[in-house]
Structures are given as structure tokens and as C-alpha cells.
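Undergrad: compute the structure for the input listed below.
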Amino acid sequence: MGLAKTEIFTDAQNQIAIFAKAFGHPARVAILQQLFQMDSCYCGNLVDEIGLAQPTISQHLKELRNLGLVKGSVEGTSVCYCIDKENWATMKAVMGDFLDQDLPENEDCC
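TA: Sure thing, here's the model as predicted:
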């Protein structure tokens, strides 16, 4: 299998694709929703709240951390997670610009 060749795309196109990956699985959407409901760092067990196995939750949290939308801090024997507000705002702006594109109403597309 070949490389993704992301270097042939603009920084904006790559950034949109990276942020869109956060919504590419319903478990990641559920984790983000749970973190927003808490409105603070969440040290509880997301397994109980979401209903997936611990390794699955950990895998999706790792992906969300890699995407920069979630951050975690170690407190004792647990890790507390919260939304990275700065990166979330950046993602909203980037995705908003992309999603706000419209076709002219007076043209027939196909």
C-alpha cells in the first residue's frame, strides 16, 4: 500500500481531515459528549458511562489526545480528561469555514 501523500494537500486540507477523524467513530463522539457534559476534568470511569470495554475507550481517548481535542493529567492512580478548549476553538473555526461553503443557488450543479 502506498503512502497517503498528505504533502500534496494544503495545510488547511490536512487540518480539516485530521479534525474530521475525531468524528469518524461514534465512540469518539460519545466520549467528547461525555466530557462536555462534565464541563471539567473527568476522572471517573468512562467505561461505565459509555458502555464499551476499557481497551476500546483507551484507544479512542489516545486518538482524541493525538488529535489535540482532549488532554489528560495523571492524578494519583487515575487519569483525568477534559476538552482542550483552545484546540476545540481552532477546530470549530477551521471546520466552520469549510462547512459554511455553499453553491450559488442560481446554478444547476449536475
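Undergrad: ok, now which ones touch the residue nearest the centre of the chain?
TA: When the chain is reduced to its mean C-alpha position, the closest residue under CA atoms, centre = their mean turns out to be residue 22, at 3.1 Å. Residues near residue 22 by CB atoms under 8 Å, 6 or more residues apart in numbering: 28, 32, 63, 64, 67, 69, 91. Placement of C-beta: from N, CA and C, glycine included.
Undergrad: run the last query once more with 7 Å
TA: Taking CB atoms under 7 Å, 6 or more residues apart in numbering, we find residue 22 in contact with 28, 64, 67, 69.
Undergrad: okay, it and residue 45: tell me how far apart.
TA: From residue 22 across to residue 45, the span is 22 Å (CB to CB, to the nearest Å).
Undergrad: swap in residue 25?
TA: 20 Å.
Undergrad: who's more crowded, these two?
TA: residue 25 (14 against 11; other CB atoms under 10 Å).
Undergrad: and stretch 77-96, end to end?
TA: Start-to-end span of stretch 77-96 (CA to CA, to the nearest Å) is 38 Å.
Undergrad: what's the mean pLDDT across that stretch?
TA: The predicted model assigns stretch 77-96 a mean pLDDT of 92.
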